[in-house]
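Engineer: Predicted model and sequence follow; I will ask about them next.
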Amino acid sequence: MSVVWQQSTHGVPRRKEQLNQVTARAFVIGIVLATALVGGYLALGAANVRLSNEVWALHNGVARIQRESSRLETEIARLSSIPVLQVRSVALGFTPAESVEYLELETP
Amino acid sequence: MLRGPESRLRLVSVLFALVFLIILGRLVWLQVIVRAEWKEEVDVLLDRPYGLPAPPPGVIVDRNGDLLVGNAPVYAVGADVSLITTITDTLQAAADLSPLLGRDVTSVQADLAVEDRTWVRLAWAIGGEAAYKLEDLKAEEWYWLTLEPTWERYYAEGALASHTLGFSNDEGYGYGIEAFHYRLLKPQPAVAQGEVDAASEPYPEEMAQGKLRAVQGTDLTLTIDRTIQAFVEGELDRAMADYGAYGGTILVVNPKTGAILASVSRPAYDPARRSEYADEQRNLFVDPAISVPYEPGSVFKVITAAAAVDSGGVGRDWSYYDSGAVEYGGAVIRNFDRQAYGPQDLQGLLSSSLNVGAATLSTQVMGADVFYRYVRAFGFGQLTGIELAAEVPGFVHLPTDWDWTDSTLATNSFGQGIAVTPLQMVTAVSALANHGTMMAPYIVAERRYSDGTVVPTTPRPLGQPVSRATADYIAELMANTVSDRYDKARVPGYPMAGKSGTAQIPVSGGYDPVEVVTSFIGFGPVPDPEVVILVKLDRPQIEPHLRWGTQTAAPLFQSVASRLFVLLGVPPTVAVVEP
């Protein structure tokens, strides 16, 4: 479908012009779509970069937590090691058992 | 002259098309025509290795889950010396770093001042407070420091079970479980090669490929109980001090499964400080329980007796006349006290530990073929397959060997001229304690993989060297031996079976005239033993007339066994008679 109109300059009519509206709409839609596609692509790329950075940071975070966890494990092991426990036991007044006797209990 | 919207529309369209064609042409130029050239240049700039901090190696825990070997986070410290601009910086940095690195200022200063390299290593493993201070220094001042996160093995109990735990280098060579299971314990680092940015962070496309897969090492749970291990180590140390022994070994094994509950050898070492030992001290790293064979002496008579009974050559009514000496293959075999014991049965042979009787069994009752068939069936001369590095098979001379002589058959019967490892000896006697079934010794109770899978070790029999009847009969004889002769090996409340040994030590050209290895091997409570204990003392330095297994190893066996039953929660099976 076309639209015909006549423009005048200083009162002098110019020649009649005809614009194909379908072509114009298609052109505009094309531009909008291309812009949307490019924008979408850029947004997706940016999101991808952001997520990738987050994943990388999480990987590093896991490694950091793992190291902290290991450090705490070794510290717990040190504090509960036999030499440390012996020193603490003696400090608390315990002494090694010299003899152990079993009590014979009657079973019902 | 353009007139009207249609004309302008056409013009804009043409312009757009032109721009598009220019871009397209440029893309084709870059992506197709000069692609290889640019790709090469970009690859050099962007394609680099990248990775995450290494995951930790597997840990080793005892049967109750108590940590034996863990991982301490440390930094490998370096310096990008090309970024140090002034001599003042070098001097100040050396002064700051020296106490944190544990090095003297001069050497750090020399490292930082090198001119032929851009980067130098300053320390391999810095942990604890020093690591935190290095982090601060790097963040605040010395940005050229490189701190590579890595791990250092942490031995939670110090030198406890050092021979068993061992250590390994980066190639997996070393000692103990650490070396044997190096590949299991070792983590798989998360490293890859690909396109990275200036901060060595991978591009999204690179990340999307998921190349980084860090895998922790496999955790191992041992059969060892750290409390029992510590107790047994203390007992061995005390006995070595009492008897002036140069070394010793104690093995505690569950005969029903083959699980090793404690493995102690002296002299020991501290694996965390292994680099401080001098070259001539490096033999301390070798585990005597599996890597140093010894002549077992009279404890081997129980093997000879079992073989004789199982082969049918000896019945319960068997006896022989002990004249105090017997000649075989040109060698004269005498009893330990050079006495003649007259008519003796198998019980007398074991109770009095008669060499003549043992030689009679191997030479006259069995012969070489039968005797050595049983020696092999009990596992001597072969590896047990324990999961420890550097196990040796010992030395068993067979009639087919060039250096075997007839006299070897006689001396082997009482444990001389044959070399076994303590683990072989305890495994063989475990067969007698376990009604004839010899279980494979093992020390790893379960493996815990990084994905959470737990694979327990299934006890497996190594074989049935003798029948159940034979094993029970020999166990009965050994129990009688303890109750009749070895008052120093008795444990109140627990019927024990055992045999002592006192072996000469081979030296160049014969045997040492003075030094001996004393040992005692026993199990209890019979008839359903929970533990087999081997006690061995090397070269005790007490009065020569007291250098016997009955005088040194037997009391140690008694002290270990009596407390061991309490630690294991084994109640007495017979009433304790108060003296």
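Structural biologist: Structure's in. What do you need?
Engineer: check contacts around the most centrally placed residue in chain B.
Structural biologist: Taking C-alpha atoms, centre = their mean as the criterion, B:Gly176 is the residue nearest the geometric centre of chain B, at 2.3 Å. Residues in contact with B:Gly176, defined by C-beta atoms under 8 Å, 6 or more residues apart in numbering or on different chains, are B:Ser162, B:His163, B:Thr164, B:Leu165, B:Gly166, B:Phe167, B:Asp287, B:Leu388, B:Ala389. No exception for glycine: its C-beta is placed from N, CA and C like everyone else's.
Engineer: And for the closest residue to it other than its chain neighbours, the neighbour number?
Structural biologist: Among residues not flanking B:Gly176 along the chain, B:Gly166 sits closest, at 1.9 Å (C-beta to C-beta, 6 or more residues apart in numbering or on different chains). Using other C-beta atoms under 10 Å in any protein chain shown, B:Gly166 has 25 other residues around it.
Engineer: Would you agree B:Ala239 is in contact with B:Leu556?
Structural biologist: Yes - under the criterion of C-beta atoms under 8 Å, B:Ala239 makes contact with B:Leu556 at 4.4 Å.
Engineer: more neighbours, these two?
Structural biologist: Taking neighbours as other C-beta under 10 Å, B:Ala239 and B:Leu556 compare with B:Leu556 leading, 30 against 23.
Engineer: What strand or helix carries the more buried one?
Structural biologist: Element membership of B:Leu556, judged by DSSP states H and E, is helix B:553-568.
Engineer: So that helix, near chain A or not?
Structural biologist: Yes - judged by C-beta under 8 Å from any C-beta of the partner chain, helix B:553-568 comes into contact with chain A through B:Arg563, B:Val566.
Engineer: now swap in stretch B:259-279 and tell me
Structural biologist: No - judged by C-beta under 8 Å from any C-beta, stretch B:259-279 and chain A are separated, with a smallest distance of 11.6 Å.
Engineer: Find me the pLDDT at A:Met19, would you?
Structural biologist: I think there's a mix-up here, since residue A:19 is Leu and not Met. A:Leu19 carries a pLDDT value of 68.
Engineer: Give me the residue ranges of the chain where confidence is low.
Structural biologist: Just going to use chain A. A:1-3, A:5, A:17-19, A:99-108 (pLDDT under 70).
Engineer: Not quite, go with chain B.
Structural biologist: Along chain B, segments meeting pLDDT under 70 span B:1-5, B:87-88, B:576-579.
Engineer: picking that back up, my read: the residue nearest to B:Gly176 touches B:Tyr173, true?
Structural biologist: No - contact criterion C-beta under 8 Å: B:Gly166 and B:Tyr173 do not qualify, at 10.7 Å.
Engineer: Need the overlap of contacts for these two.
Structural biologist: Among the neighbours of B:Gly166, those also in contact with B:Tyr173 (C-beta under 8 Å, 6+ apart) are B:Ala179.
Engineer: Distance from the chain centre to stretch B:145-153, please.
Structural biologist: 26 Å (C-alpha atoms, centre = their mean, to the nearest Å).
Engineer: buried ones in it?
Structural biologist: B:Leu145, B:Thr146, B:Leu147, B:Pro149, B:Thr150, B:Trp151, B:Glu152, B:Arg153 (16 or more other C-beta atoms under 10 Å in any protein chain shown).
Engineer: Residues touching it, excluding its own?
Structural biologist: Against stretch B:145-153 from outside (C-beta under 8 Å, 6+ apart): A:63, A:67, A:70, B:53-54, B:56-57, B:69-80, B:119, B:125, B:127, B:131, B:134-135, B:137-138, B:167, B:178, B:271-272.
Engineer: In chain A, where's the longest helix?
Structural biologist: Longest helix in chain A by number of residues (criterion: DSSP state H): helix A:21-79.
Engineer: tell me which element B:Pro506 falls in.
Structural biologist: Applying DSSP H and E, one finds B:Pro506 within strand B:497-507.
Engineer: same check, this time on A:Gln6
Structural biologist: Per DSSP H and E: strand A:2-9 holds A:Gln6.
Engineer: Keep only those of the contacts of B:Gly176 that are in strands.
Structural biologist: Among the contacts of B:Gly176, the members found in strands (DSSP state E) are B:Phe167.
Engineer: Looking at the contacts of B:Gly176, which are in helices?
Structural biologist: Those of the contacts of B:Gly176 lying in helices (DSSP H): B:Ser162, B:His163, B:Thr164, B:Leu165.
Engineer: Quick check on these: which are buried?
Structural biologist: B:Ser162, B:His163, B:Thr164, B:Leu165.
Engineer: contacting residues for the third one?
Structural biologist: It refers to B:Thr164. By C-beta under 8 Å, 6+ apart, the neighbours of B:Thr164 are B:Gly176, B:Ile177, B:Leu222, B:Ile224, B:Ser263, B:Asp287, B:Leu388, B:Ile443.
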